[in-house]
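K.L.:
this one's structure only:
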């Protein structure tokens, strides 16, 4: 049952991605709406999968790479759907759904067998700490997508190459705002994830902070986004500079999430 | 009678010259009277817009008339003729007609197809009509120009191209800012295209409009027209951070905005994007401004590239418009040449002679017992009678002393006796303004 829901989600996301990508090259509004609907259906199936797994496992299903990648993908799609209903720009989906699909596909490469819970994770903090972290990551992912679109748009505008893709992408200011809003949404979540993690670490490991690679890299990620938000509020970092920093932040964040888990041994290396 | 044109335009003179040569629209009586008072100049119309100053006149002496008009412009505006001369163009005959038809049809405008020039020429003609400086020939000439412009506007898509440049500017601004309702537009300088673009922005709905000009009074005047706020040119940099969209068309010979200043302004507005539209030739804004973070610089040519209609399409429209102009030149000249004295006298004589012969033939054919030699005598009698009738009008027509308006007599004769000519009523259109 669980595998069926997971595979269905994967297929539906693949269809949604195909629709969004064809919307990017073909000027048919129908494709965008179809992509949106398909993605919404996929999101519901994905939610069902996550809930079903929660019930079956008896704990928050964010304990290994298979589960956390899947939840990351779910969060990306969820926040994207929120964004889409707010800004009515289907074209953002052409940049975000491939990412969600990719994350879920990577998740599929890890074993989906429900394993007994690592005793260290047996805590009420598991749900709060992990879901906040991944919702934050997801918000950064949307910001990343909007930032890439911003760089494309600003390139077209500067070079005065105003082709069909330029016509299709949303206005610069809107992309800038989406990117910024997602950061203001994701940054507090990341902050709370780090704080809740520290509190949890104190109860589980006896110390708030142990310079575990995950902690270190999370802090680096936090500083990058903090710098970006600070720069924006004080000297008005926006546009291309902000977009590039957001992209950099997302890269570091991905490393914090995956690189640390897979490459650097530490307390957080859950596979 | 010959039509001559003397003038200068954005193609031959910078704004600093154009400004000096411009005539105030409220005080046209004096210059118009002065021009028609010149020796050998019979009719005159003065067209003065921000992009061109031209005098249309009729004269018997082409070279002399042109020289007098040039001298008049120089004297009236106190500019040495040596300075002015290199900026002036002069046309006569067919070339003059072509020039004026093209100007009225907006084919000679800075932005080809812009709609304001026709109204401006109509207004200028209105003054000439009011002060009676234009007469038979220029009346017909300008009415013809108006009808040509109308044909060009309705039969080609040339007008849509200018509008679409302004439209493209608005569309592009929307691609940068999304919603324009909280954006401010700044107009630097004045000009047909600039104002057209400003109007499009106002129609779309912007928060506010600022206007500046080297002469503050002109800025104020324009500000009134657009319900905008006038600012002093010296304070431009202080106000620049408030502007999101900048339309510039001053006649400055050098850049008025540089990279460094724009960089500074962007910092002061916390890097919020700015959209510069440089309409001026030569350019007002240093092209390097486009390299400044969050500043986007477009010229009219760039905007032309944005306009969906391809270049090929516009070339075809322009060619169509030129063809209309050529066709109408032919028609107008048919009428103008009919005002020549000699062919008129010939036509008049032919007309009378034809009538005489027809009546004579009718009389003779019903006369059975005609005495020998009577036919010859009747022939001589009618001939002498006709010659006596025609002698006085012919000699008046042939007089060349100044002040003799034989073009008027010719036109009257052609109408009264229905002589072969350009159809008199053709080309007369109602003045719209």
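P.N.:
Received it, and whenever you're ready, just let me know what you need. Please read these numbers as outputs of a predicted model, since none were measured by experiment. Numbering: from 1, shown residues only, chains lettered A, B, ... in the order given.

K.L.:
element containing residue A:232, please.
P.N.:
helix A:213-234 (DSSP states H and E).

K.L.:
Could you list the buried residues of that helix?
P.N.:
A:213-218, A:221-222, A:224-225, A:228-229, A:231-232 (16 or more other Cβ atoms under 10 Å in any protein chain shown). For every residue, glycine as well, the C-beta is placed using N, CA and C.

K.L.:
Might you calculate how far it sits from the centre of the chain?
P.N.:
Per Cα atoms, centre = their mean, to the nearest Å, the displacement of helix A:213-234 from the mean C-alpha position of its chain is 16 Å.

K.L.:
is chain B contacted by the helix or strand just after that helix?
P.N.:
For helix A:213-234, the following helix or strand on the C-terminal side (DSSP H and E) is helix A:240-254. Yes - with Cβ under 8 Å from any Cβ of the partner chain as the measure, helix A:240-254 is seen reaching chain B through A:240, A:241.

K.L.:
can you list contacts of the helix holding residue A:232?
P.N.:
A:140, A:180, A:183-184, A:186-187, A:190-191, A:193-194, A:197, A:209, A:237-238, A:241-242, A:245-246, A:248-249, A:252-253, A:255-256, A:259-261, A:264-268 (Cβ atoms under 8 Å, 6 or more residues apart in numbering or on different chains).

K.L.:
same thing but at 6 Å, please
P.N.:
If you take Cβ atoms under 6 Å, 6 or more residues apart in numbering or on different chains as the criterion, helix A:213-234 is touched by A:187, A:190, A:194, A:237, A:245, A:249, A:252-253, A:256, A:260, A:264, A:266, A:268.

K.L.:
circling back to that earlier point, let me have the buried residues of helix A:213-234 in a markdown table, extended by pLDDT.
P.N.:
Formatted as a markdown table, the buried residues of helix A:213-234 follow (pLDDT from 0 to 100):
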| residue | pLDDT |
| --- | --- |
| A:213 | 87 |
| A:214 | 87 |
| A:215 | 90 |
| A:216 | 91 |
| A:217 | 92 |
| A:218 | 93 |
| A:221 | 94 |
| A:222 | 95 |
| A:224 | 94 |
| A:225 | 95 |
| A:228 | 93 |
| A:229 | 94 |
| A:231 | 91 |
| A:232 | 90 |
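
K.L.:
what's the most distant pair in these?
P.N.:
Greatest spatial distance in these: A:213 and A:232, 28.8 Å, computed using Cβ to Cβ.

K.L.:
now the residue of the stretch 151-300 of chain B found nearest chain A, what's its secondary structure?
P.N.:
Scanning the stretch 151-300 of chain B for proximity to chain A using Cβ to the nearest Cβ identifies residue B:270 as nearest, at 2.8 Å. Following DSSP: H, G, I helix; E, B strand; the rest coil, residue B:270 is assigned to coil.

K.L.:
ok, it touching residue A:238?
P.N.:
No - counting by Cβ atoms under 6 Å, residue B:270 does not reach residue A:238; the two are 7.5 Å apart.

K.L.:
Let's verify residue B:210: helix, strand, or coil?
P.N.:
Once three-state DSSP is applied, residue B:210 turns out strand.

K.L.:
looking at chain B, which helix or strand is least sure?
P.N.:
In chain B, no helix or strand scores lower on mean pLDDT, DSSP states H and E than helix B:300-306, which sits at a mean of 72.

K.L.:
what comes up buried for stretch B:107-124?
P.N.:
B:107-118, B:120-124.

K.L.:
Mark which of those residues are part of helices, please.
P.N.:
B:116, B:117, B:118, B:120, B:121, B:122, B:123, B:124 (DSSP state H).

K.L.:
since we're on the closest residue to chain B within the stretch 151-271 of chain A, how many residues are nearby?
P.N.:
Ranking the residues of the stretch 151-271 of chain A by distance to chain B (Cβ to the nearest Cβ) places residue A:236 first, at 2.8 Å. Residues near residue A:236, counting by other Cβ atoms under 10 Å in any protein chain shown, number 18.

K.L.:
Over to residue B:319?
P.N.:
11.

K.L.:
and it, which of the three is it?
P.N.:
Residue B:319 ends up helix, using three-state DSSP.

K.L.:
Quick check: which ranges of the chain have low pLDDT?
P.N.:
Unless you meant another one, I'm taking chain A. A:269-271 (pLDDT under 70).

K.L.:
I was thinking of chain B, sorry if that wasn't clear
P.N.:
Checking chain B against pLDDT under 70 turns up B:15, B:111, B:161-164, B:304-314, B:400-404, B:420-433.

K.L.:
Can you pick out the most distant pair from the contacts of helix A:213-234?
P.N.:
Maximum distance among these (Cβ to Cβ): 32.4 Å, for A:237 and A:266.

K.L.:
With neighbour numbers in mind, choose between these two.
P.N.:
residue A:237 (21 against 16).

K.L.:
re the thing from before, wait, the residue of the stretch 151-271 of chain A closest to chain B sits on residue B:271?
P.N.:
Yes - if you go by Cβ under 6 Å, residue A:236 and residue B:271 touch, sitting 4.1 Å apart.

K.L.:
what's the neighbour count on the residue of the stretch 151-300 of chain B closest to chain A?
P.N.:
Neighbours around residue B:270, by other Cβ under 10 Å: 15.

K.L.:
CSV for the ones in helices among the buried residues of stretch B:107-124, including distance to chain A?
P.N.:
Converted to CSV, those look like this (distance: Cβ to the nearest Cβ, whole Å):
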residue, distance to chain A
B:116, 27
B:117, 28
B:118, 31
B:120, 32
B:121, 35
B:122, 37
B:123, 37
B:124, 38
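
K.L.:
which parts of stretch B:92-107 are buried?
P.N.:
Buried, per 16+ other Cβ under 10 Å, within stretch B:92-107: B:92, B:96-107.

K.L.:
I'd like the next helix or strand past the strand or helix carrying residue A:96.
P.N.:
Per DSSP H and E: residue A:96 is located in helix A:93-109. Remark: after helix A:93-109, the chain's next helix or strand is helix A:125-159, criterion DSSP H and E.

K.L.:
Let me know the secondary structure of residue B:43.
P.N.:
Applying three-state DSSP: residue B:43 is strand.

K.L.:
Thought residue B:136 was touching it, still the case?
P.N.:
No - using Cβ under 6 Å, residue B:43 makes no contact with residue B:136, being 7.7 Å away.

K.L.:
what about those two, which has more around it?
P.N.:
It is residue B:43, of residue B:43 and residue B:136, that has more neighbours when counted by other Cβ under 10 Å, with 24 against 18.

K.L.:
Please name the residues that touch that one.
P.N.:
B:58, B:134, B:135, B:137, B:138.

K.L.:
in the sheet, who's paired with it?
P.N.:
Beta-bridge partners recorded for residue B:43 (DSSP bridges): residue B:58.
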